[in-house]
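Engineer: Fold the following for me, if possible:
(chains A and B)
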There are 2 protein chains.
Amino acid sequence: MIKIINDVDKIGFLRELQKRNAEDYNDVYEVVDKIIEDVRNNKDSAVKKYTLEFDKVSINNIEVTKEEIEEAFNTIDKELLDTIKKSKENIYNFHKRQVNKGFKYKPEGKDIILGQMVNPIDKVGIYVPGGKAAYPSTVLMNAIPAKIAGVNEINMITPPQNDGKIKDSIIVAASLAGVDRIFKVGGAQGVAALAYGTETIPKVYKITGPGNIFVAAAKRKVSGFVGIDMIAGPSEILIIADECANPKYIAADMISQAEHDEMAASILVTESRSLVDKVVKELERQVNLLERKEIIEKSLTNHGAIIVTDSIKECIDIANEIAPEHLELLTVNCFEMYKEIKNAGAIFLGEYSPEPVGDYFAGPNHTLPTSSTAKFSSALCVDDFIKKTSIIYYSKEALNENREDIIRFAENEGLTGHANAVRIREKSI
Amino acid sequence: MIKIINDVDKIGFLRELQKRNAEDYNDVYEVVDKIIEDVRNNKDSAVKKYTLEFDKVSINNIEVTKEEIEEAFNTIDKELLDTIKKSKENIYNFHKRQVNKGFKYKPEGKDIILGQMVNPIDKVGIYVPGGKAAYPSTVLMNAIPAKIAGVNEINMITPPQNDGKIKDSIIVAASLAGVDRIFKVGGAQGVAALAYGTETIPKVYKITGPGNIFVAAAKRKVSGFVGIDMIAGPSEILIIADECANPKYIAADMISQAEHDEMAASILVTESRSLVDKVVKELERQVNLLERKEIIEKSLTNHGAIIVTDSIKECIDIANEIAPEHLELLTVNCFEMYKEIKNAGAIFLGEYSPEPVGDYFAGPNHTLPTSSTAKFSSALCVDDFIKKTSIIYYSKEALNENREDIIRFAENEGLTGHANAVRIREKSI
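Structural biologist: Numbers count the residues shown, from 1 in each chain, chains lettered A, B, ... in the order given. Below you'll find the predicted structure:
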């Protein structure tokens, strides 16, 4: 089922892996452009039209009502409610440590004040997929950092089910996490509604959250006019394991990644040749026990791999080169090893920290950079919902003291109007 | 020359102002795509070909040599060198306050470790325009935050002059700011070289810095494969002034913005009707004294405005709605007023802090969000050159304690493989 890769093939595999991300948006841009334009012009009526067309449901009230929220709290499984509350608490506790308060200072002996003022983004929109991928964890991971940042209006959109309703766990998670308003709309039409506003749905300044190719293409299209978070590619896990690692755990963790999506990638990197056979056997055994067997097999066959290396150092180099979304270190010395990792979305240490601990519960954000983008980007965080404004104050004396330098710099750059703005202030002194 | 706007026109003006940003990349994407593909395939030879075509110079050595750096230090005006050093010091002192060290914690009474590890982006590329817009300040504002972040390799590209050289102040600024290598290449070919690498130019993970429409289009095209900073629109200033403000200063500051570019916008917002005439007269007087008169007049006529309001509160509301790149508060109570500003790139307080103080010297970054994007984005900063990795450790006991919640969450989301990855670990306990 899964490829075993020796030294010779390694580079070829890495290249193939990176190609996995090259989704072709060109096919969908044409339809997405049309939808965006229609929603800009016809607002709510366009939103309703596309909801009927794509979600097969005719909605009168786009916004989820108070009564619907109460009903969700009544119908939700009480144990699940309790779980969501615990998870919310953990996510809150982690993200509150990300708060950036800005700074202000007076350089010594000078009548100058400089600073960085932090303000929340005033209005944001959160996209939550519907259907099978309607995940309450997505709600928590997007809304809680926005709430901690102090966002004034958190608007959530999610496509309705065939019965015109939203899954109770989604509504409850939104309500607990501090979402202000929930709207029953998805797809490119939902993204367009948030970017431009309709009679019912407010225009926001930033849109975050995952979605299918139409949602991703729409987010790309409105990007720049409003802010967006990263466009996520297929999910991936890389496991570095030593000979002490339990092959059952390794196989279970690779499978848990593979079940997401046929394009997901599960990769084991190890210098232990004896581990390879055991993991392969466990993969074959466990996959037969699971509901999403077909997806798992396709994912493991097409994008999975076991890479055998000559040294632990090579394992680390491969991890840094792949820059995986999720990295598990199933090694005895994981507490030393993680310090060598430069590129990864999240690192899971030791054999009792499987990825689902982070997906749902531990606290760090599960919105992570995929497809090697961990080389230059990071998990969704509180900083994604704030912005910073610089503060500059010079007194008359301070300007006077530095005016020759500023004028000289401006004139070297050929901007005499800039020089003039400083020079004209001299004359009044 | 400049529009005076009363209440009725305000909204119309704001709409026009926002349209200013709608640059049409579609015209240039075709040629940019071709250049990128060519550089990907033919590397240095393609880079040289386009440098001959666009910059009209045939270069043998793409990389600036040690000898050329020495020569630049020999030829540079000594006063200018001193100014660049002072500016570098100020920029360094401001940006070092932005350093984010990450965190690690153990929730009370639990055998759990959670954290956020900060690492620099390993390799970055900085784009510096050539020709008239070859600004040493651009070099400092991009390279210093990268250096403070701990970036391992800072590569700078900039198009050569007709004589095949780079302006001495650009080389000196790069050298002082910690740029590791300088390459004589600009345009889409330069961006492609940084994104994919050539024999001479290393592939980087993120590209920052301003450029013309070809550079902007190329950055958009490679975005996602590598990281990019914001795509800046035309520059803008908004000045809030009260009746005590000096009309000479206001006019000089509006003109200094207007000289950048015909598309630049200079806006005065005031409730003082008596100020308006005085500013108009000063604009007419000062513009005649300056080199870039033609650009200034076009910019002021087409995109400039004086907006007269009924109250200071309305001035603040308009500023927050426009979300200007640069905001000057020429008001007696500027130290109170700035706290009301939610959306602006940088705020300049009082009559002796004209924008050039920030453009060159004070310390905060001059790469600022334009075209209302200050509603959701910020100045270039140290955070743009780092990335964060989450750390998650659960002991056997910690996993055991929380396993039911994690399994419940996974099963609610229909991901039985995720539940299995937790459940399988139970069996061994």
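Engineer: For the stretch 201-350 of chain A, which residues are neighbours of chain B?
Structural biologist: Listed as neighbours of chain B in the stretch 201-350 of chain A under the rule Cβ under 8 Å from any Cβ of the partner chain: A:205-206, A:224, A:226-227, A:231, A:246, A:248-249, A:252-253, A:255-256, A:258-260, A:286, A:289-292, A:296, A:335, A:338, A:341-350. From N, CA and C alone the C-beta is placed, and that goes for glycine too.
Engineer: do that again at 6 Å, thanks
Structural biologist: Selection of the stretch 201-350 of chain A residues close to chain B by Cβ under 6 Å from any Cβ of the partner chain yields A:205-206, A:227, A:248, A:252-253, A:255-256, A:259, A:290-291, A:342, A:344, A:346-350.
Engineer: Could you count how many residues lie near A:Asn26?
Structural biologist: Burial of A:Asn26 is recorded as 8 neighbouring residues (other Cβ atoms under 10 Å in any protein chain shown).
Engineer: Any of the residues of the stretch 201-350 of chain A next to chain B buried? List them.
Structural biologist: Taking 16 or more other Cβ atoms under 10 Å in any protein chain shown as the criterion, what is buried in those is A:205-206, A:227, A:248, A:252-253, A:255-256, A:259, A:290, A:342, A:344, A:346-350.
Engineer: What residues does A:Lys104 make contact with?
Structural biologist: Contact analysis of A:Lys104 by Cβ atoms under 6 Å, 6 or more residues apart in numbering or on different chains lists A:Gly115.
Engineer: how about a cut-off of 10 Å?
Structural biologist: The contact partners of A:Lys104, by Cβ atoms under 10 Å, 6 or more residues apart in numbering or on different chains, come to A:113-117, A:391, A:393, B:97.
Engineer: Could you do A:Ile207 as well?
Structural biologist: Neighbouring residues of A:Ile207 by Cβ under 10 Å, 6+ apart: A:124-127, A:155, A:157, A:190-191, A:194-195, A:215, A:218-219, A:222-223, A:226-229, B:376.
Engineer: Am I right that A:Gly125 sits in a strand?
Structural biologist: Yes. Assessed with DSSP: H, G, I helix; E, B strand; the rest coil, A:Gly125 lies in a strand.
Engineer: what's around it, how many residues?
Structural biologist: 29.
Engineer: and the residue of the stretch 1-150 of chain A found nearest chain B, how far is that from B:Ser395?
Structural biologist: Per Cβ to the nearest Cβ, A:Thr83 is where the stretch 1-150 of chain A lies closest to chain B, at 4.3 Å. From A:Thr83 over to B:Ser395 the distance is 20 Å, taken as Cβ to Cβ, to the nearest Å.
Engineer: higher neighbour count, these two?
Structural biologist: Shown here are A:Thr83 and B:Ser395; by other Cβ under 10 Å, A:Thr83 has more neighbours (23 against 16).
Engineer: The residue nearest to the more buried one when sequence neighbours are not counted is in what secondary structure piece?
Structural biologist: Nearest residue to A:Thr83 in three dimensions, chain neighbours excluded: B:Asp405, at 4.3 Å (Cβ to Cβ, 6 or more residues apart in numbering or on different chains). For B:Asp405, the host element (DSSP states H and E) is helix B:396-412.
Engineer: before we move on, the earlier item: from the contacts of A:Ile207, which ones fall inside helices?
Structural biologist: Within the contacts of A:Ile207, residues falling in helices by DSSP state H are A:190-191, A:194-195, A:215, A:218-219, A:222.
Engineer: can you list these in a markdown table and add pLDDT, distance to B:Glu67 and neighbour count?
Structural biologist: Below are these laid out as a markdown table (pLDDT from 0 to 100; distance: Cβ to Cβ, whole Å; neighbours: other Cβ atoms under 10 Å in any protein chain shown):
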| residue | pLDDT | distance to B:Glu67 | neighbour count |
| --- | --- | --- | --- |
| A:Gly190 | 98 | 59 | 32 |
| A:Val191 | 98 | 54 | 32 |
| A:Leu194 | 98 | 55 | 30 |
| A:Ala195 | 98 | 52 | 24 |
| A:Val215 | 95 | 54 | 24 |
| A:Ala218 | 96 | 52 | 30 |
| A:Lys219 | 96 | 48 | 25 |
| A:Val222 | 95 | 49 | 19 |
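Engineer: Would you point out the most distant pair within those?
Structural biologist: Using Cβ to Cβ, the ones in helices among the contacts of A:Ile207 span at most 12.1 Å, a distance reached by A:Ala195 and A:Val215.
Engineer: Next, the contact list for the residue nearest to A:Thr83, please.
Structural biologist: A:79-80, A:82-87, A:90, A:360-361, B:422.
Engineer: Swap in 7 Å and give it another go.
Structural biologist: Residues near B:Asp405 by Cβ atoms under 7 Å, 6 or more residues apart in numbering or on different chains: A:83, A:86, A:361.
Engineer: What of A:Leu275?
Structural biologist: Contacts of A:Leu275 by Cβ under 7 Å, 6+ apart are A:241, A:243, A:245, A:247.
Engineer: Which strand residues bridge the first one?
Structural biologist: Using DSSP bridges, the bridge partners assigned to A:Ala241 are A:Thr270, A:Leu330.
Engineer: Relative to A:Ser266, how far out is it?
Structural biologist: Relative to A:Ser266, A:Ala241 is positioned 12 Å away (Cβ to Cβ).
Engineer: Who has more neighbours out of those two?
Structural biologist: Using other Cβ under 10 Å, the more surrounded residue of A:Ala241 and A:Ser266 is A:Ser266, with 29 against 25.
Engineer: Make sure the more buried one is indeed in a strand.
Structural biologist: Yes. A:Ser266: assigned to a strand according to three-state DSSP.
Engineer: any idea which helix or strand carries the residue nearest to it when sequence neighbours are not counted?
Structural biologist: The shortest distance from A:Ser266 to any residue other than its chain neighbours is 3.8 Å, reached at A:Met254 (Cβ to Cβ, 6+ apart). Element membership for A:Met254, per DSSP H and E: helix A:247-258.
Engineer: Just the element for A:Ser169, please.
Structural biologist: Using DSSP H and E, A:Ser169 falls in helix A:168-177.
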